[in-house]
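J.: Structure, please.
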Amino acid sequence: MNAFFLKRISGHQLQAAQITEACRRLNLFYGLERMTDLAYHTNMSLRNLER
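T.: Okay, here's the model as predicted:
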């Protein structure tokens with residue numbers, strides 16, 4: 001069970017880092033960065049970023 005939960009947690013930590021980077025970039029560019037560019041620079045799919 002530990003391995004299962006550790007695997008799930010690590011995925012969320014990566015996602016949290018990607019969301020943090022997306023917020024940083026939005027602040028840096030005053031919210032004017034295109035969603036496709038933001039998805040590219042955060043290594044997320046456009047669909048996941050929109051969620």
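J.: The most centrally placed residue in the chain: what's it in contact with?
T.: In the chain, the residue lying closest to the centroid (CA atoms, centre = their mean) is residue 18, at 2.6 Å. Residue 18 is in contact with 42-44, counting by CB atoms under 8 Å, 6 or more residues apart in numbering. For the C-beta atoms, the positions are set from N, CA and C on the backbone; glycine is no exception.
J.: buried set for stretch 28-42?
T.: Across stretch 28-42, burial judged by 16 or more other CB atoms under 10 Å covers 33, 38-39, 42.
J.: returning to what we had before: between the contacts of residue 18, which is nearest residue 28?
T.: Lowest distance from residue 28 to the contacts of residue 18 (CB to CB) belongs to residue 42, with 12.4 Å.
J.: That closest one and residue 24 touch, don't they?
T.: No - assessed by CB atoms under 8 Å, residue 42 is found out of contact with residue 24, at 9.3 Å.
J.: Kindly state the pLDDT recorded for residue 33?
T.: Looking at residue 33, its pLDDT reads 94.
J.: any chance you could read off phi and psi for it?
T.: phi -80, psi 140 (degrees, to the nearest 10).
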